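[1] My questions concern the predicted model and sequence given below.
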Protein chains: 2
Amino acid sequence: MRHRLKDVAERAGVSVKTVSNVVNGYVHVRPDTRARVEEAIAELNYRPNLSARNLRKGRTGVIALAVPELDIPYFAELARHVVTAAAELGWTVLIDQTGGGREQERVVASGITEHLIDGLIFSPLALTAEDLAGLDGTPMVLLGERVDHGPADHVAIDNVAAARAITAHLTGLGRRRIAAIGSQRTPEGASARLRLAGYTAALADAGIAYDERLVAPAPVWHRADGAAAMRALLDSGVRPDAVFCFNDTLALGALRALHEADLRVPDDVAVAGFDDIEDGRFSVPTLSTIAPDKERIARLAVELLANRLDGDRAAPPKELTAPYRLTPRESTLGR
Amino acid sequence: MRHRLKDVAERAGVSVKTVSNVVNGYVHVRPDTRARVEEAIAELNYRPNLSARNLRKGRTGVIALAVPELDIPYFAELARHVVTAAAELGWTVLIDQTGGGREQERVVASGITEHLIDGLIFSPLALTAEDLAGLDGTPMVLLGERVDHGPADHVAIDNVAAARAITAHLTGLGRRRIAAIGSQRTPEGASARLRLAGYTAALADAGIAYDERLVAPAPVWHRADGAAAMRALLDSGVRPDAVFCFNDTLALGALRALHEADLRVPDDVAVAGFDDIEDGRFSVPTLSTIAPDKERIARLAVELLANRLDGDRAAPPKELTAPYRLTPRESTLGR
DNA sequence: CATGGTTTCTACAACGTTGTAAGCAACGTT
DNA sequence: AACGTTGCTTACAACGTTGTAGAAACCATG
């Protein structure tokens, strides 16, 4: 049922290599030969065996995208853009779910899928620079927070500036007791550190003293964690008049907790997020946020990988910065 | 830098095949031989070349999961479960985004990735039974609505019964003017047809006349479409006291539109969805819904595929039904 | 018609792996 | 002592493809 070059060759009365040449568009093939071969290909419904081709060529045409969790909307949206950008280069994307743990991420980085993929676009949570130091094999592009000058190409937005901008947006509304949700002390918390830095910088800009009690940790950044952190803040008695959540899912959880506490958003408490996920455009109220240009991030990552594959693998790693937009919505409307 | 069986064999002073045997856990290898080989493997950091293995075995260890869109939360959550279930069998999952169009889905089904994947788990939107008739190659499991007794294994929940159950939940609250959002006249709308059937059946059960004006179409089932459909219903003057949305994203859009119209949920209008996506547990108000057992669906699909690969490929297709739960939340609380 | 250069095609080897069959020890049984 | 059995290991071929090198056919030129 499944045919090989050899079958086509026999049917067309030529050598195996000639069929291969036709399949690969080699120019020096007589038109009538080409026609006979193409006819045979069609009749047998021949399709190349990719494993064999890959074995021979040392390329697979498959790249992997590794993200912590697919059902975090930000990563799902990012994945869509990466798939689209890669398709334009004829690549297939293998999406890998790491779970976000350091050990699992190390396994991915060290290339468990080696020999199956040509390259890797990697959005790590927990991985450190040392983990990456040992890697020699597959070309890799990192997304998200800088793993302090790691050995790989890297695409990110300016987290500190973005966090500073949205916090400034809150101070600009006249809010003074601005809480932050999502801080992390673990080494995994690179994003958290950068966004916290932006937050404190913006407070300083506005002449507001930093109050540790207004900063709530969140071990992971799911809705439930945002709700829990918000409840903890409210219970602690520090009456915030605004909250900057380090991502949108945290913010959606916080909205929920505020609702349960009978506080009005934005009247009593203004809420801001980060990532611009689809949900935030339809929540009640709609969510003010930082909108990273995900489409651009994906495209840059794919291009970096393409350059790495075709060009100099030993070239020094590139650091690219993608744009973002401050996107105010109902959750931070002025009073 | 990258080593082969041969390199390991030379270093350990054994034949290539013995190294292969060690790698594959063959039992008849003397402990000291095994130790020497494993040492050599570790020293060289050897990893098998999957292309070569695949070529030899005729299996790739990769299955594909094809879904319309990754950033529809239901599919993202489903994908996570499929990845988990497949990992237990040592499979890697290649996630493919079809976009939901009939032509693209046909390309996926006819196996553009042939020779790269062992099997396919496919959640089609637009595909018809005829499109599937021609397929001969890769084993396939269909998810979601039945493509009327297609030629492939199939896993789904009982859509009609589930839709009937949640509509009955609304009538049980004493609601009488129950709208439906998400109907589709296109052939793609298999889900829509089944859920509409459940809705009408439940109305009949409760002795409520079917009113066409209460049924709003939605070309696709995104949040924006739900909001638009809800607005259209409100503008048309048919004052509903409840809405059954054919999925959760539609329902979240409807919640938003009701909020903008200053109607209270559930007091003025009760809202129910379908799918039990994460967002619905944190929306304001939280969303009553039908919760399909996604974990079970994924597991069944993977098991069906495994049976197909190991067993009789010509066996008649199986139809499996996964359980669901009616999950009432705030959006349909009694008055 | 010899010369040299294209064009067209082919045979062969190689990519790295594993299944098959067979060889060689070592052992226990008769 | 001869025999079969079992445990361990190996040589070889094959999976389907493409790169290399070269043969054969063709063409244009002097």
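    Now that the structure is in, tell me what you want to look at.
[2] Run a quick neighbour tally on the closest residue to A:Pro240 other than its chain neighbours.
    Distances taken as Cβ to Cβ, 6 or more residues apart in numbering or on different chains place A:Ala179 nearest to A:Pro240, at 3.9 Å, with adjacent residues excluded. Bear in mind the C-beta positions are built from the backbone N, C-alpha and C, glycine included. Around A:Ala179 sit 28 other residues, with neighbours defined as other Cβ atoms under 10 Å in any protein chain shown.
[3] elements contacting whichever strand or helix holds A:Ala179?
    For A:Ala179, the element it lies in under DSSP states H and E is strand A:178-183. With contacts taken as 3 or more Cβ pairs under 8 Å, 6 or more residues apart in numbering or on different chains; DSSP states H and E, strand A:178-183 sits against helix A:159-172, helix A:190-205, strand A:215-217, helix A:223-235, strand A:242-245, helix A:248-260.
[4] Single out the most deeply packed of those.
    strand A:242-245 (a mean of 31; mean count of other Cβ atoms under 10 Å in any protein chain shown).
[5] Any residues of chain A in contact with DNA strand C? List them.
    Those residues of chain A that sit near DNA strand C, judged by Cβ under 7 Å from any atom of the strand, are A:13-18, A:21, A:27-30, A:33-34, A:52, A:55-56.
[6] make it 10 Å
    A:5, A:9, A:12-22, A:26-34, A:36-37, A:51-58, A:115 (Cβ under 10 Å from any atom of the strand).
[7] who's in contact with the residue nearest to A:Pro240?
    Going by Cβ atoms under 8 Å, 6 or more residues apart in numbering or on different chains, A:Ala179 touches A:214-216, A:233, A:238, A:240, A:242-244.
[8] go again using 6 Å as the cut-off
    For A:Ala179, the contacting residues are A:214, A:233, A:240, A:243, by Cβ atoms under 6 Å, 6 or more residues apart in numbering or on different chains.
[9] mind listing the strands for chain A?
    A:62-67, A:92-97, A:119-122, A:140-143, A:153-156, A:178-183, A:215-217, A:242-245, A:270-272, A:289-292, A:319-321, A:324-327 (DSSP state E).
[10] Could you export the ones you listed as CSV, including mean pLDDT?
    CSV is the format used below for the strands of chain A (pLDDT from 0 to 100):
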stretch, mean pLDDT
strand A:62-67, 86
strand A:92-97, 82
strand A:119-122, 88
strand A:140-143, 89
strand A:153-156, 92
strand A:178-183, 97
strand A:215-217, 96
strand A:242-245, 98
strand A:270-272, 98
strand A:289-292, 98
strand A:319-321, 92
strand A:324-327, 97
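[11] Compile the ones you listed into a markdown table and extend it with columns for distance to DNA strand D.
    Putting those into a markdown table (distance: least, Cβ to the nearest atom of the strand, whole Å) gives the following:
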| stretch | distance to DNA strand D |
| --- | --- |
| strand A:62-67 | 16 |
| strand A:92-97 | 16 |
| strand A:119-122 | 19 |
| strand A:140-143 | 25 |
| strand A:153-156 | 27 |
| strand A:178-183 | 50 |
| strand A:215-217 | 54 |
| strand A:242-245 | 51 |
| strand A:270-272 | 53 |
| strand A:289-292 | 39 |
| strand A:319-321 | 32 |
| strand A:324-327 | 42 |
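[12] First-to-last residue distance for stretch A:250-270?
    14 Å (Cα to Cα, to the nearest Å).
[13] How about that stretch and chain B, touching?
    Yes. Using Cβ under 6 Å from any Cβ of the partner chain, stretch A:250-270 reaches chain B at A:252-253, A:256, A:259.
[14] residues near A:Asp32, how many?
    Neighbour number of A:Asp32 under other Cβ under 10 Å is 8.
[15] Report the residue ranges of every domain in chain A.
    Structurally, chain A divides into domains by automatic domain parsing as follows: A:5-48, A:60-156+A:294-322, A:159-292.
[16] Under the pLDDT cut-off, which ranges of the stretch 201-335 of chain A? List them.
    Where the stretch 201-335 of chain A drops to pLDDT under 70, the residues are A:312, A:335.
[17] Which positions in chain A make contact with DNA strand D?
    Residues of chain A found near DNA strand D (Cβ under 10 Å from any atom of the strand) are A:2-9, A:15-24, A:26, A:28, A:30, A:46-59.
[18] Give me the subset of the residues you listed that also touch chain B.
    A:47, A:49-52, A:54-55.
[19] Need the buried ones from those residues selected in PyMOL.
    In PyMOL, a selection of the buried entries from those looks like this (16 or more other Cβ atoms under 10 Å in any protein chain shown):
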select buried, chain A and resi 47+49+50+51+52+54+55
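[20] now the ones next to chain B among the residues of chain A next to DNA strand D in JSON lines, with pLDDT and distance to A:His154?
    Shown next, in JSON lines, are these (pLDDT from 0 to 100; distance: Cβ to Cβ, whole Å):
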{"residue": "A:Arg47", "pLDDT": "85", "distance to A:His154": "37"}
{"residue": "A:Asn49", "pLDDT": "87", "distance to A:His154": "36"}
{"residue": "A:Leu50", "pLDDT": "82", "distance to A:His154": "30"}
{"residue": "A:Ser51", "pLDDT": "85", "distance to A:His154": "32"}
{"residue": "A:Ala52", "pLDDT": "89", "distance to A:His154": "35"}
{"residue": "A:Asn54", "pLDDT": "84", "distance to A:His154": "28"}
{"residue": "A:Leu55", "pLDDT": "86", "distance to A:His154": "32"}
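[21] Of the ones next to chain B among the residues of chain A next to DNA strand D, just say which sits nearest to A:Asn307.
    A:Asn54 (21.3 Å; Cβ to Cβ).
[22] if we can go back for a sec, just the ones in helices from the ones next to chain B among the residues of chain A next to DNA strand D, please.
    Counting by DSSP state H, the part of those found in helices is A:50-52, A:54-55.
[23] got JSON lines for those, with distance to A:Ala162 too?
    Shown next, in JSON lines, are those (distance: Cβ to Cβ, whole Å):
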{"residue": "A:Leu50", "distance to A:Ala162": "41"}
{"residue": "A:Ser51", "distance to A:Ala162": "44"}
{"residue": "A:Ala52", "distance to A:Ala162": "48"}
{"residue": "A:Asn54", "distance to A:Ala162": "41"}
{"residue": "A:Leu55", "distance to A:Ala162": "45"}
